[in-house]
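1. Curious how this folds, go ahead:
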Amino acid sequence: MIKEEFFVDNTTALRYVKEMLDFNERVTMNLFYLILSDSKAYVWSDHKNFIICQPNDQMPMWVWLADDIDTDATECVTDIIAARVLLNSNIQINISAAAGKQVLRIACEKSGANLEKVMDLNAYVCKNVIEPEYDGVCVVPQKSDREAMVALINEFVEDAEHQIITNEEAEGFADSMIGSHNLSLWKCNDEVYAMAMIAHKTNEIARINSVVTLREKRGNGYAGMLISKICKALIEDNIIPMLYADADNPSSNRAYQKIGFEKVGEVTQYKFDRKAI
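-> Here you go, the predicted model:
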């Protein structure tokens, strides 16, 4: 049973994020801002030990825990997580803090669920760009770039998310991005080589994702060139760029570090699976 007193409205939750989390933690838990932009999101907090956000019953939970979370708060957090798992046995969770593993172990005992780690993510922030030697230009996507965007999003989903999307989904993405200043392409020799997207932006932090280079063009630094240009523009507007990188992909981590990104935190993705009865 989730106690009513721990339900929090979005406005209050945003204030808690600012009061309870330092800058590095706000970067690491950046998805809080996107989730809290939707008035229908679920939010729980005790204004001291934890903040839990979830867009809806199907989407992943994001959980911040204080390093010194107390026993009563641990009990409350595990009750909340267990209740959400009972609503959707295949839900995922993203959690940061040393106390996370213990909390998830107890939540699994309460819900009768198994837990499997999906991946470890490093949270990076760039305050000063180390500019590479550029070969090409950063452009806003045009209709003529549609085919290239379809190819890039297909490769991104397959390589980064280990999934396959339909041609209709890929084409829909490309169509929605034509003329968008949230998506940037890197062109060299008048061909599109790489893509990156500003997924969400506040007046403090912008999150970059969907970073991908065409497979046959990888290893030449094109994504780094593109991200550098995006970061320069954001920093000039007094907005700090951030992104997540798969901790088990050393090449991508090195590429981001090479252009000025510094690691500020870690978050781990898990998925639940209810035990068969």
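2. Run through the residues that contact residue 205.
-> 26, 27, 30, 33, 125, 239, 240, 241, 242 (Cβ atoms under 8 Å, 6 or more residues apart in numbering). For glycine as for every other residue, the C-beta is placed from the backbone atoms N, C-alpha and C.
3. same thing with residue 125?
-> Residues in contact with residue 125, defined by Cβ under 8 Å, 6+ apart, are 24, 27, 205, 240, 241, 242, 261, 262, 264.
4. Closest to residue 56 out of those?
-> Comparing the contacts of residue 125 against residue 56 with Cβ to Cβ places residue 205 closest, at 23.4 Å.
5. And that closest one, how far from residue 270?
-> To residue 270, residue 205 is 24 Å away according to Cβ to Cβ, to the nearest Å.
6. what do you get for residue 79?
-> Using Cβ to Cβ, one obtains 18 Å as the distance from residue 79 to residue 270.
7. Residue 98 contacts residue 67, doesn't it?
-> Yes. In this structure, residue 98 is within contact of residue 67 by Cβ atoms under 8 Å, at 5.9 Å.
8. Keep only those of the contacts of residue 205 that are in helices.
-> 26, 27, 33 (DSSP state H).
9. gap between the last one and residue 200?
-> It stands for residue 33. Residue 33 is 6 Å from residue 200, by Cβ to Cβ.
10. Also the second one?
-> In this structure, residue 27 and residue 200 are 12 Å apart, going by Cβ to Cβ.
11. Where does residue 51 sit: helix, strand or coil?
-> Assigned with DSSP: H, G, I helix; E, B strand; the rest coil, residue 51 falls in the strand class.
12. for the stretch 51-200 of the chain, what spans make up the strands?
-> Remark: strands assigned in the stretch 51-200 of the chain by DSSP state E, counting those that start in this stretch are 61-65, 92-96, 113-126, 137-139, 183-188, 191-201.
13. residues of stretch 122-130 that come out buried?
-> Judged by neighbour count using 16 or more other Cβ atoms under 10 Å, the buried positions of stretch 122-130 are 122, 123, 124, 125, 126, 129.
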